[in-house]
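Novice: coords below, sequence missing:
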């Protein structure tokens, strides 16, 4: 693994697990700060607004600024605004404020984030109807599941796949593993993708996405990591480490 000039770091599963800081993570970030290396925190988390994500980082003891936190919902909102699209939202109510939503009759785009219990038949069918009328399908990511203290739970990915299959469309992925979010993070640090390292716990969204976008990548064995992920990381020419502290120690 070559020495990077900037770091892209996933939050959930890398810095904390279900609200508990991963052992050594705070010290690891502090060491990066001392070295003067720029950081961007990337997250597909779509049940909390970006301000809450930043507050949580700070409450967990991580130094972070607003400019350093890139959330997938905010990236989707920027995409919509740049194209003058009016979104119908299938999202958690807590993040509706990140968008300028439209009514079902006025919308010309469908946005899907992790909507939890709102992934019911009626709302999925409404999204399907708009897609059949030609509305584009935009999504934060294709994560299959996420991890909480009581185990693994369905994320947005399976529902996005269902809509793609039903309507015969392909979603535009704005968050991980889509390349746009990785490139935005690198650009904001003034660096080329090849000069940046992505640290994540999701072998597909974090590691696969980063490698496809041209970044180096390191998979950590915390969060949603499963034993079989190491083989996939090897295929992607990515390092595998016990945790973020081990990654940073390797770079020192």
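Specialist: Ah, there it is. Keep in mind that what you see is a predicted model, and the values were worked out from it rather than measured.
Novice: mind giving me the packing neighbours of the lowest-mean-pLDDT helix or strand in the chain?
Specialist: One helix or strand of the chain scores below all others by mean pLDDT, DSSP states H and E: strand 145-148, with a mean of 80. Using 3 or more CB pairs under 8 Å, 6 or more residues apart in numbering; DSSP states H and E as the contact test, the elements touching strand 145-148 are strand 151-154. Bear in mind the C-beta positions are built from the backbone N, C-alpha and C, glycine included.
Novice: contact partners for residue 74?
Specialist: Applying CB atoms under 8 Å, 6 or more residues apart in numbering, we find residue 74 in contact with 50, 98.
Novice: may I have the phi/psi pair for it?
Specialist: Recorded main-chain torsions at residue 74 are phi -70, psi -40, according to degrees, to the nearest 10.
Novice: any buried residues in the least confident helix or strand of the chain, and which?
Specialist: For strand 145-148, the neighbour count (16 or more other CB atoms under 10 Å) marks 146, 147 as buried.
Novice: got a list of contacts for that strand?
Specialist: Strand 145-148 is contacted from outside by 12, 13, 17, 18, 114, 152, 153, 154, 155, 157, 223, 224, using CB under 8 Å, 6+ apart.
Novice: disregarding residues adjacent in the polypeptide, which is nearest to the fourth one?
Specialist: Looking back up the chat, that one is residue 18. Closest residue to residue 18 apart from its sequence neighbours, by CB to CB, 6 or more residues apart in numbering: residue 149 at 4.4 Å.
Novice: state the distance from the one you found to residue 17.
Specialist: Computed with CB to CB, to the nearest Å, the distance linking residue 149 and residue 17 is 8 Å.
Novice: which one's more surrounded, these two?
Specialist: Neighbour totals were compared for residue 149 and residue 17, and residue 17 leads with 19 against 8 (other CB atoms under 10 Å).
Novice: I'd say that one and residue 223 touch.
Specialist: Yes. Taking CB atoms under 8 Å as the definition, residue 17 is a contact partner of residue 223 at 5.9 Å.
Novice: follow-up on the earlier one: of the contacts of strand 145-148, select the buried ones using a ChimeraX command.
Specialist: Buried subset of the contacts of strand 145-148, written as a ChimeraX selection, criterion 16+ other CB under 10 Å:
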select :12,13,17,114,155,157,223,224
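Novice: and the residue sitting nearest the centre point of the chain, backbone torsions?
Specialist: Compute the mean C-alpha point of the chain, and by CA atoms, centre = their mean the closest residue is residue 44, 2.5 Å away. Dihedral pair for residue 44: phi -90, psi 0, per degrees, to the nearest 10.
Novice: how about the contacts made by it?
Specialist: Residue 44 neighbours (CB under 8 Å, 6+ apart): 71, 72, 140, 141, 143, 175, 176, 205.
Novice: quickly note the distance from the last one to residue 213.
Specialist: So the one you mean is residue 205. Distance of residue 205 to residue 213, computed by CB to CB: 12 Å.
Novice: out of these two, which sits in the busier spot?
Specialist: Comparing residue 205 with residue 213 by other CB under 10 Å, the one with more neighbours is residue 205, at 26 against 23.
Novice: pLDDT value on the closest residue to that one other than its chain neighbours, please?
Specialist: Leaving aside its chain neighbours, residue 205 sits nearest to residue 176 (4.2 Å; criterion: CB to CB, 6+ apart). Turning to residue 176, the model gives it a pLDDT of 90.
Novice: repeat that for residue 197.
Specialist: Residue 197 is given a pLDDT of 98.
Novice: could you do the one 3 residues further on as well?
Specialist: The predicted structure scores residue 200 at 97 on the pLDDT scale.
Novice: can you tell me the SS state at the closest residue to it other than its chain neighbours?
Specialist: In space, and not counting its chain neighbours, residue 200 is closest to residue 206: 2.4 Å by CB to CB, 6+ apart. The three-state label given to residue 206 by DSSP: H, G, I helix; E, B strand; the rest coil is helix.
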